[in-house]
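# sequence plus predicted model, see below.
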Amino acid sequence: MLKENRNWAADPVLSVEHLTMRFGGLVAVDDLSFDVGRGDITALIGPNGAGKTTVFNCVTGFYKPTEGRIALRRKHGVSPQAIGDLTKSGKQYSEDADKAVFLLERMADFKITEVAGVARTFQNIRLFGGMTVLENLLVAQHNKLMRASGYSIAGLLGLPGYRRAAKAAQDLAVEWLRRVDLIDRADDPAADLPYGDQRRLEIARALCTDPVLLCLDEPAAGLNPRESAELNGLLKSIRNDHGVSVLLIEHDMGVVMEISDHIVVLDYGKKISDGTAAEVRSDPKVIAAYLGVDDEEVEEVERDLEVSAARPSAEGGTR
Amino acid sequence: MTDTTSSASANRPEGAERLSEDRRDAMRGEPPFVEAPSEDTRLVRSLKEAAITAALVAVLTVFFFAFSTDIAVGGLSLTGNVSLWLKWIAVAFVARFLLSYFVFGGERPSIGGWKKVAAATAKLRLGKIVGVVLLLVAFTLPFLLSTFLPSQNRYLLDLAILILTYVMLGWGLNIVVGLAGLLDLGYVAFYAVGAYSFALLATNFDLGFWVCLPMAGLFAAMWGIVLGFPVLRLRGDYLAIVTLAFGEIIRVVLLNWYDFTGGPNGILGIPKPTLFGLEFSRGEGSFSDFFGLEYSSIQRFVFLYYIILALALLTNFVTMRMRKLPVGRAWEALREDEIACRSLGINTVNVKLTAFATGAMFGGFAGSFFATRQGFISPESFTFIESAIILAIVVLGGLGSQLGVVIASVVMIGGIELLRNLTGLQAIFGAGFDPTQYRMLIFGLAMVVIMVWKPRGLVSTRSPSAVYKEKKTIGADLVAQGEGH
Amino acid sequence: MEYFLQQLINGVTLGSIYGLIAIGYTMVYGIIGMINFAHGEIFMIGSFIALTVFLALAAIGITFLPLVILLMLIVAMLCTAAWGWTIERIAYRPLRGSFRLAPLITAIGMSIFLQNFVQVTQGARVKPLPPQIQGGITLMDSPSGIVVQISWIQIIIIAMTIVLMTAFSLIISKTSLGRQQRACEQDRKMASLLGVNVDRTISLTFVMGAALAAVAGMMFLLYYGVIDFYIGFIAGVKAFTAAVLGGIGSLPGAMLGGLAIGLIETFWSGYFSVEYKDVAAFSILAIVLIFMPSGLLGRPEVEKV
């Protein structure tokens, strides 16, 4: 089930190094370093206010970090030397065929998605509510379609090249709608969808940008257990079938423990634990951070965590 | 309203959203302050309300109806006209009494009845039929007019040209406000840029309308980008006020740069458009001469009419086409949620700039048409009130709706213009009554009334730009309004 | 130097008038988040009412100047406040909580209506009023012949502005009405649940804004001595610019913005060209907003992701 090798050390897709983010006097993230393994599902957990969403916003360019480096490698085997050179050169990214490296902290938010291939969802779902489900997925393919439409000139004239691209985009959108089981709602406005469907639509929309790394901010929040289990399945298939690395923030320990290959735990902006689900679960510091308890009570909490980890998978199994 | 909205209520949201919706519903309105229903009978209550209204009208209008100031020898003099004041108080009393007694009835005052009418008129298929009919009428209008109303042919044709100019401007602004959701209060600046660039090119370099038209459009688009670049980082009302400021700056510059623009005197002698070199005038080489027709001044009006119709339809065609292109979809996505756009790799600055530039370009086209139609332009024609009228047309028509713009233009511009003809009202208000004097007064009032009646505009549903199986219109309550939430 | 001082005095006077109008914009924007485009017209109406009251008093023989000014002030404030209340009730309240652009359009419609209403009932020609308060204090009399003078009317305007500003700051910060207003500004629904009569509070905000605009209108009349139905638009735009410049929603900001616009305009007219004074004011606005999007004293808006 879970991969036992430490993939994130061997083949990281994303390396966050010494990330610090200050808001005025408040230090939201303090000298944080961690790696996200290629093809892993990595969970970023921690109590409320630990700085998880801030890390996300730094990775996806919505905030500019005060200090630190966030490097994304497209392919395996980019030497630290190459990243160091790029950092010194002052450029935002290098796109040499096999050694594509992107320094996300230097890039604008939309460039991170467009060029580096990082897509994200939001804690409070941000869909285009007045547009249909299908349109939402077409907007996500904007850059591809924009090029195909010759920056609107070819599109205005209705040239065949653009029509083919538009058809392909629609096919991709429909394919994703099938995958997330929303095909029947394709022509409904996104705001009309129930909450769980909206979550899945947002994930599908992010995937339509064809990302290398998918960042999900609390994808299971507000879902009922059945929907949670479906989400687990979806996330695993994104990892296994599409080779997209996933970085997620989640409070639902059931989801986290079941699907994560790698867990990073934050508290007060600092990393307190980093490892596989099993390692993190048995880390007394994690338990203390979550519950603020003494070490004697750790065992009890550990049992609780195991229970919560086991429950959703059992439910998933019965279906 | 439509099938979609009914299905929406069937698919109630679940989970956390349900909770938050319930909470929102519970908090809607001002619950603790619904006034206790009074014990009075309907008659007494209506009388009381009418008396309050009359008293209010008395206070409001005492210094406007009962007294008026006039310039007299050695300063100002004050003349009284108490009977006019009392007349209006009486009118207010009676009107409010009738409203209270019959319309608002026994229940709480509401405008529920209107809403029902509104819902009944918002039919899906109706839009298409109305559109086709309007298009047919537009194509054949000059012939219809010369057949059925020959006496007023010229006047009505002129009015139709005016309305179409506003339709075109409305469609141009609709791209910026309706689709991209950017509130632009200075749209008239681009209209002015188009008009002035055509006029200056034509008078200084002796170029014709057809050569200058695309150049004027490009100039306006360029200005759109130049002005847009710094301001598009702003949000909502800040964007509105800065665009308003830019509109005023351009007008003031036009007004004061005598050497270049002629200042308040404007530019005279702007050439008329020609049909492949044929002029619409008497004599050799003119249109009537070439085709062996008898010369008539109406020919030029018909020609102008078809030019503006073609320009307007071009605007519409390009807009409709762009809506289905990635750039148009990005405009609408931007209106819905800018942050989500950025998270999908969309360069929102570029998207805003294209919207601004495209809208400005059509404004520029309309501007050069205006210049060639008038033959004379001055800064007078490009005041803020023009921007306000165009914006009003877009909002009254229903943001993003192409048909709505047409209806709103016809109603607002045509309806107000028709007031000129209502000389019959003199019988009621006395011989001195001049309806044209009340044109803008009624225009302003109509804006208020229509907005209160239909805050979302006349045509408020959105039709999706891409369809998988079945096209469903989207209710206005789901569509976001863009910048300035 | 003398010239500079004189321009400074003139600028502060003009800025006081803008500031008083700007307070109306900023309060309304703060509480219901809309641009009350008709507010400039309210100012114009206040000015006309003051003029009519002045003439009416003259007609019945009351000419004792302090009494005349006091009566003008009271009547103009009351009547204009009634206009403010009515406009809110008719054009804005039915649209509260609906589509955001709708009240903006009704506001523009109201503004067009009011302008034309006054034009129709009072005529389109400008109304000149001979200066009523003459003389002033000579501050400096240089040998070069430039006299720096602050006139009585300027003193009255500046003093009255200071008094009204102080009074309003106290109302907002100390009274229960002020607390209710601030509560509605933060969260209207929550305020309503906690027993604040939201409708009444919003109405009172409009009434207060209109009363201040009436004061500004009266002072404009006495200071410039010329009014017409069109003064509301340009003053309104300038005052809104002032409110935005100072940081919309902030009372001291509105006053500061008003002073800034008044000074920019006066100095620009004094040292460069009168024709381009509006361009100067608007350009400064654009520049400030581009570099400080929340104005001088506004709270910076943090983008929530």
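The structure has been received and is ready for your questions. What you see is a predicted model, and the numbers here were worked out from it, not measured in a lab.
# domains in the chain, by residue range?
By default, I'm working from chain A. Annotated domains of chain A cover A:7-117+A:211-318, A:126-210 [automatic domain parsing].
# that's the wrong chain, I wanted chain B
B:38-110, B:119-478.
# which residues touch the helix or strand bottoming out on mean pLDDT in chain C?
Least confident helix or strand of chain C, by mean pLDDT, DSSP states H and E, is strand C:136-141 with a mean of 75. Under the contact criterion CB atoms under 8 Å, 6 or more residues apart in numbering or on different chains, strand C:136-141 has outside partners C:2, C:5, C:147-155. C-beta coordinates here come from the backbone N, C-alpha and C atoms, glycine included.
# so for the first helix or strand past it going along the chain, mean pLDDT?
For strand C:136-141, the following helix or strand on the C-terminal side (DSSP states H and E) is strand C:147-151. The pLDDT scores in strand C:147-151 average 82.
# C-terminal to strand C:147-151, what's the next element?
Reading on from strand C:147-151 to the C-terminus, the next helix or strand found by DSSP H and E is helix C:152-174.
# what's the first helix or strand after that next one?
Heading C-terminal from helix C:152-174 (DSSP H and E), you reach helix C:176-186.
# for that following helix, packing partners?
helix C:2-32, helix C:152-174, helix C:188-193, helix C:198-224 (3 or more CB pairs under 8 Å, 6 or more residues apart in numbering or on different chains; DSSP states H and E).
# can you tell me which of these the model trusts least?
helix C:188-193 (a mean of 84).
# got the residues of the stretch 301-450 of chain B near chain C?
Residues of the stretch 301-450 of chain B lying close to chain C by CB under 8 Å from any CB of the partner chain are B:339, B:384-385, B:388, B:391-392, B:395-396, B:399, B:437-438, B:440-441, B:443-448.
# which stretches of chain B aren't confidently modelled?
Along chain B, the model assigns pLDDT under 70 to residues B:1-40, B:73-75, B:104-125, B:277, B:282, B:285, B:421-434, B:476, B:481-485.
# and the spatially closest residue to A:Pro211 that is not a sequence neighbour, what is it in contact with?
Using CB to CB, 6 or more residues apart in numbering or on different chains and skipping residues adjacent in sequence, the residue nearest A:Pro211 is A:Ala119, 3.8 Å away. Contact analysis of A:Ala119 by CB under 8 Å, 6+ apart lists A:113, A:206-207, A:209, A:211, A:213-215, B:343-345.
# count of residues packed around A:Asp31?
Residues within reach of A:Asp31, counting by other CB atoms under 10 Å in any protein chain shown, total 14.
# now do it against chain C, distance only.
Distance from A:Asp31 to chain C, counting by CB to the nearest CB, to the nearest Å: 22 Å.
# counting neighbours, what do you get for the closest residue to chain C within the stretch 151-300 of chain A?
Nearest residue of the stretch 151-300 of chain A to chain C, counting by CB to the nearest CB: A:Asp217, 9.0 Å away. Counted with other CB under 10 Å, residues neighbouring A:Asp217 total 23.
# pLDDT score assigned to it?
Looking at A:Asp217, the pLDDT reads 89.
# so what's it up against?
Neighbours of A:Asp217 in contact, by CB under 8 Å, 6+ apart: A:53, A:56, A:120-123, A:248-249.
# what of A:Gly51?
A:21, A:28-30, A:32, A:266, A:268-269.
# distance check, it against chain B.
Counting by CB to the nearest CB - A:Gly51 and chain B are separated by 20 Å.
# now A:Glu218
Using CB to the nearest CB, we find A:Glu218 at a distance of 11 Å from chain B.
# ok, that residue touching A:Ile249?
Yes - A:Glu218 lies in contact with A:Ile249 (CB atoms under 8 Å); the separation is 5.5 Å.
# common neighbours of these two, please.
A:Gln123.
# surely B:Gly247 and B:Val188 touch.
Yes - at 5.5 Å, B:Gly247 counts as touching B:Val188 under the criterion of CB under 8 Å.
# between those two, which contacts overlap?
B:382, B:384, B:387.
# tell me the pLDDT at the closest residue to A:Asn7 other than its chain neighbours?
The spatial neighbour of A:Asn7 that comes closest, neighbours along the chain excluded (CB to CB, 6+ apart), is A:Gly37 at 3.6 Å. For A:Gly37, the pLDDT comes out at 86.
# how about the contacts made by B:Val351?
B:180, B:327, B:330-331, B:334, B:341.
# what does A:His142 give?
B:326, B:329-330, B:333, B:344-346 are the contacts of A:His142 under CB under 8 Å, 6+ apart.
# one more pass at 6 Å, please.
Residues in contact with A:His142, defined by CB atoms under 6 Å, 6 or more residues apart in numbering or on different chains, are B:326, B:330, B:346.
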